[in-house]
Structure formats: C-alpha cells, structure tokens
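S.K.: Test case, fold it:
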Amino acid sequence: MAKILIKNGKVWDGERFYFADILTENEKIAKIADKICETAEFEYDASGKIVSAGLVDAHVHMRGINKEFGIHAELSTIPFGVTAAADACGAYGDKDLLDSFLIKNVIFVPVEFHNNKAYFESAEKMIEKYDEKVVGIKVYFDTQISDVQDIKPLCDVVEFAEKKKLIIMVHSSNSPVPMSELLGVLRKGDILTHAYHGGKYNVSEDNFECIKTAKKRGIIIDAGFAGYVHTDFKVFEGAVKSGAIPDVISTDITRFSAYKRGGRYGMTMCMSIAKHLGMSEEDIFRTVNSAPAKALGMENEWGHLRVGRCADLAVFDYTNEGFDLTDKAGNRIESENGYRCVLTVADGEVVYKD
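M.R.: From the prediction side, this is the model:
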C-alpha cells in the first residue's frame, strides 16, 4: 500500500480545525503534524482546502440492498468524500453484497405499518440475517406513505427496538400527530430524519421548541435533505436562526434524486445548502462525520482523523460549484459557490481525484 502525504491543508479531525500535514501508511493514519518531511508515493498539496475525516452519510439507499430506491453505492458516495454510510430501510439483498462495497456500511431494517398497526415479522428475519450490520429500525410514520392514524404503532416500534437494543429512524413528513408528541415517545439516540420538512405538523409550528427539547433529551435531529424534496428551505433557515440546527446532515440519496434536480446532488451539495442557509463551517463538518458516526454507534471506527485510525479521508474546496435549487414548496436558493470534493482516500488508497 503506497504512502500518501497530504500537505498544507486545514484539517478537520472530527472535533476541531487546525493546520497540519497528514501521512498515511499501510491503510492507517501514520502521522498528523506540522511540516511532515517524509517522502510518499502520492503527494497532494491541499493549500486553501479542508482535509477531513471521510464523511459519514447516515441515510442512503443502496442498489441491491434497497429494492425500490437504490443507487450505486460508490457513485453516490465516494465522489462526494463519503467513505461510510447507513442504508435506511434496506436489507433486501445479500449480506455479502454489503461486504463487497468499497464504502463501509451499516443498515436500518424496515418495519411497516398497515391498518394503524406495526408488523415485525419481516424485520425479525432481516435482523437475524444481517446480524451485526443492523444498527436500527426505519419507519415511515407518514400518512402519505403508511396507514397510520395515531401514536400507538410508533410506541409499539419503540418497545420492539428497546428489546432488540436498536435505535429508530423515523421518516415523518406528514405526521398523524403533532411533532412534539412524536418526539416525546422517542428515546435518546433515536433519529428524526427529514426534520425540516414543510408538511403537516412541521417543526416550525411551535417555533422549533419541540426540536430544542428533543435535542436536550439526546434525540438525533437529521436534516435528511432527500434532494431537497423533504426539506423546506425556509423551515431549515428559520431553524438555524433560532439555534435548532441539525445534529446530522444526510443525503437520503436515491436513484430518483441523484443528478436530476440541479447540480451534482450528493453530500457536498447538502453541505453547500446548509452553509448558504446560515450554518457555520464547523457545525457543517461535525454533522457530516463525527456526529453521524456517533449516532450510528461507529465513533470508534469512523468520523475522526487520528493516528492509528483507518486512513479514510477527503479533501474539499469551496469553489465555483454553484447551484440554483427550488424546493417542493417553491422556495428558491442560488449561489455561485459550493463545496466540492477533490480527493477521497479509503483504506489508505486514493479512490477519487477530481
């Protein structure tokens, strides 16, 4: 495995920014220091750019694992600096396929609702089949997708997840109950995705107090941009201004959202939207690597640049990666600049170079 030396970058190690060089060797981070003088087979000058731990996308849909929405795992992650991801509502393929992906991965298995009741038989089988790959349960607590009428079926899912020692990811763009009631039944570590949607019972209706209360209880708030279909830009901007920023930014990338809605849709576009709508760079980078790694229980392996850790990292520029986007509610945002991944390293190997 060739040595890689990345010089002169602004390093984000998962917790803070500082300037340093990074040397990788034998699939590991070998050294992080000022002015590393060793030679390497591959050198990259990151002057004016950010060098980060590989990004973690907590909400994707991978081809072969998700039977309806799946997109090629590497094409939707590696060019955007993502080196680890969680398939949200997958587990319809083979475990060997997950193991074959270049990106590191875990999955959420689905529990379906019918006639206002949760059905667990399929999830039980998937949990047994995928074993250690399973980190949680995914549910569509959404009246436009599932037959749900009140909070009871979600309470049953919480009880099931508690027994299985798994977290829950809740999609709820049109909840049958107020958001405060929904969040009130979730536990520390559970995830609300698409948190800034503009549908019925959205989080702006109580001036974001439900989100602030939930965050204090340890519930994870995920932006879950979904190609900006499930994110209302005005709701998101209002949340940032009120201090109710997300804990996690994910793409919810699918074969329907990638490359079809203006610009190159992936994690970098989500980061660019967040910056445009007021989030700080420090908060943005935390929400796309160390925070989702922790939310998925993988903080000891993913989301940090530390000596001895696996050499998963990426280099980003803030450049003329412009965008012109209109969300589902008709809110338009545009910018001449945005984040662009220029280099991705996975397991100590260069896997993408712009």
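S.K.: In stretch 172-190, which residues are buried?
M.R.: The neighbour-count check on stretch 172-190 (16 or more other C-beta atoms under 10 Å) flags 172-180, 182-183, 185-186, 189-190 as buried. Using the backbone N, CA and C atoms, a C-beta is placed for each residue, glycine as well.
S.K.: Give me the mean pLDDT for it.
M.R.: Stretch 172-190 comes out with an average pLDDT of 95.
S.K.: tell me the residue furthest from the middle of the chain?
M.R.: Farthest-out residue of the chain from its mean C-alpha position, per C-alpha atoms, centre = their mean: Cys37, at 35.3 Å.
S.K.: How much space separates it from Asp13?
M.R.: 21 Å (C-beta to C-beta, to the nearest Å).
S.K.: do Met267 as well
M.R.: As judged by C-beta to C-beta, Met267 and Asp13 stand 18 Å apart.
S.K.: higher neighbour count, those two?
M.R.: Met267 (29 against 23; other C-beta atoms under 10 Å).
S.K.: Pull the number of nearby residues for the nearest residue to the more buried one once chain neighbours are set aside.
M.R.: Excluding the flanking residues, the one nearest Met267 by C-beta to C-beta, 6 or more residues apart in numbering is Phe80, at 4.3 Å. Counted with other C-beta under 10 Å, residues neighbouring Phe80 total 27.
S.K.: all strands of the stretch 101-250 of the chain, in order?
M.R.: Along the stretch 101-250 of the chain, the stretches classed as strands by DSSP state E, counting those that start in this stretch are 104-110, 112-114, 117-119, 134-140, 167-171, 191-193, 220-221.
S.K.: Show me what the last one is packed up against.
M.R.: Spelled out, it's strand 220-221. strand 191-193, helix 209-216 (3 or more C-beta pairs under 8 Å, 6 or more residues apart in numbering; DSSP states H and E).
S.K.: pLDDT on that strand, on average?
M.R.: Mean predicted confidence for strand 220-221 is 98.
S.K.: what does it rub up against?
M.R.: In this structure, residues lying in contact with strand 220-221 by C-beta atoms under 8 Å, 6 or more residues apart in numbering are 189-192, 195, 211, 214-215, 244, 246-248, 295.
S.K.: Let me know the closest of those residues to Glu74.
M.R.: Val248 (21.7 Å; C-beta to C-beta).
S.K.: Tell me the bridge partners for the closest one.
M.R.: Counting by DSSP bridges, Val248 forms beta bridges with Asp222.
S.K.: who's in contact with it?
M.R.: Contacts of Val248 by C-beta under 8 Å, 6+ apart are 58, 191, 220-223, 287-288, 291-292, 295.
S.K.: Right, I'll call it a day here.
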